[in-house]
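**Student:** sequence first, then the predicted structure:
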Amino acid sequence: MARLSSKEKKKAQELLELYYVDRGITNIDELVLKVGKTEKTIRKWIVELKLDKFKKNIVLTRSEQLRLMLEELEQINTSIHEKPDGARFADFKLAQVRRQLIKDIKDLETKALVSEHVNSLTVFIDFVKKENTDDALKIGNYANVFIKKLLN
């Protein structure tokens, strides 16, 4: 099997994290199908990325994390606004913090969006499965491709 580029590896690991941590899928065979990597690779990444520990130690939900980051960004902007006229700008360090915070907020919103799509699609596929397993399998395959595209 060909080696993955660092970008391809990161995307595959994000997909694994999404299914393993966010969706709670721990069945290795199912993860192999969804992520498209070997059982050995999946098991190795679970250990390397410490996904078991991460799964057990999630203290804040994404919405709580997002709320806290937005509050922090608001405080930064307020502190800049309260400076005297002519000095209402961020110094280099504060600008870096603000820039990183904005990036983290965007990343969190994007990952949360993907997670919501996965949850909705899973519920829908479960519904279809009760009616027609062949259709559920087709939809599941399309859903998997869709989620992978969202992560690109």
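**Tutor:** Structure received.

**Student:** what is the burial count for Glu39?
**Tutor:** 11 (other Cβ atoms under 10 Å). Placement of C-beta: from N, CA and C, glycine included.

**Student:** quick check: it vs Ala12, distance?
**Tutor:** For Glu39, the distance to Ala12 equals 14 Å [Cβ to Cβ, to the nearest Å].

**Student:** I'd like the next helix or strand past the helix or strand of the chain with the lowest mean pLDDT.
**Tutor:** When each helix and strand of the chain is scored by mean pLDDT, DSSP states H and E, helix 51-56 comes last, with a mean of 70. Using DSSP states H and E, the helix or strand that follows helix 51-56 in sequence is helix 62-81.

**Student:** just want the angle from the next helix or strand after that next one to helix 62-81.
**Tutor:** Moving toward the C-terminus from helix 62-81, the next helix or strand (DSSP H and E) is helix 92-131. If you take axes from the mean of the first three to the mean of the last three Cα atoms, to 10 degrees, helix 92-131 sits at 160 degrees to helix 62-81.

**Student:** mind listing what's buried in helix 92-131?
**Tutor:** For helix 92-131, a neighbour-count test (16 or more other Cβ atoms under 10 Å) marks 98, 105, 111-112, 114-115, 118, 121, 125, 128 as buried.

**Student:** and the contacts of the helix or strand harbouring Arg43?
**Tutor:** Secondary-structure element containing Arg43, defined by DSSP H and E: helix 39-48. Helix 39-48 has contacts (Cβ atoms under 8 Å, 6 or more residues apart in numbering) with 13, 16, 20, 28-29, 31-32, 35, 37, 51-52.

**Student:** show me where pLDDT drops low in this structure?
**Tutor:** 1-2, 54-62, 111-112, 152 (pLDDT under 70).
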